[in-house]
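> Just need the structure, nothing else, for what follows:
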Amino acid sequence: MKRIDNHFKLLVAIIVVLGLSLSVMAQPQTRGHMSHRSMTVKSGLQLLDLTEEQKDQIKEIHLAHMKDVQPLKDEVKIDRVKVDVLLKRDDPDMKEIVSLVEANGKLLTQIQVKSIEQKISVRSLLTDEQKIIYDARGERIREHRAMAVHYRHRRTAERTRF
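Residues are numbered from 1 along each chain as shown. I've put the predicted structure just below:
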């Protein structure tokens with residue numbers, strides 16, 4: 001009887017250890033890359049050795065940009081939720097869905113145009129040396145985002161295999 005109890009305890013211990021190890025393995029793995037959200041404008045502009053006047057002007061440009069863009073981003077989110085709701089109906093109205101998608105496209109275009117205007121405004125404040133660093137930084141960020149999208153799609157594909 002004692003022997004069965006010991007075997008049972010050992011079996012329970014093995015199951016617990018396996019369960020814990022499987023849950024640890026199931027956790028998402030980071031690859032040491034910073035997400036594009038963790039790359040703040042502040043940290044990127046620190047490489048430029050800006051004057052106090054430049055810092056103040058750039059800060060004003062960024063704040064004005066955020067005030068302009070945030071309502072548009074909120075509207076995009078609302079429209080996406082509306083599309084999701086429409087798609088879950090038994091008989092979705094395709095015309096309404098298309099109009100919401102087209103409206104979102106226009107909003108996203110406005111956001112992109114405002115972002116480009118902001119970058120041009122910031123770049124106009126920089127010296128020639130600072131512009132070289134600023135432009136190179138933008139290239140690195142675009143490359144990083146492209147790699148992040150690639151790895152995200154690859155990981156998603158690996159998880160959905162049967």
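> Next, find the distance separating T109 from V76.
11 Å (C-beta to C-beta, to the nearest Å). Heads up, the C-betas are built off the backbone N, CA and C, glycines and all.
> Could you check which of those two is surrounded by more residues?
V76 (18 against 11; other C-beta atoms under 10 Å).
> Against Q112, how distant is that one?
12 Å.
> cool, L48 as well?
24 Å.
> Can you mark which positions in stretch 94-101 are buried?
The neighbour-count check on stretch 94-101 (16 or more other C-beta atoms under 10 Å) flags L100 as buried.
> What of stretch 109-117?
Within stretch 109-117, judged by 16+ other C-beta under 10 Å, the buried ones are I111.
> Can you list the low-confidence ranges for this structure?
Counting by pLDDT under 70, the chain has low-confidence residues at 1-4, 11-12, 16-44, 156-162.
> Tell me which other helices or strands whichever strand or helix holds R123 touches.
Mapping R123 onto the secondary structure by DSSP states H and E places it in helix 94-124. Secondary-structure packing of helix 94-124 (3 or more C-beta pairs under 8 Å, 6 or more residues apart in numbering; DSSP states H and E): helix 52-87, helix 128-159.
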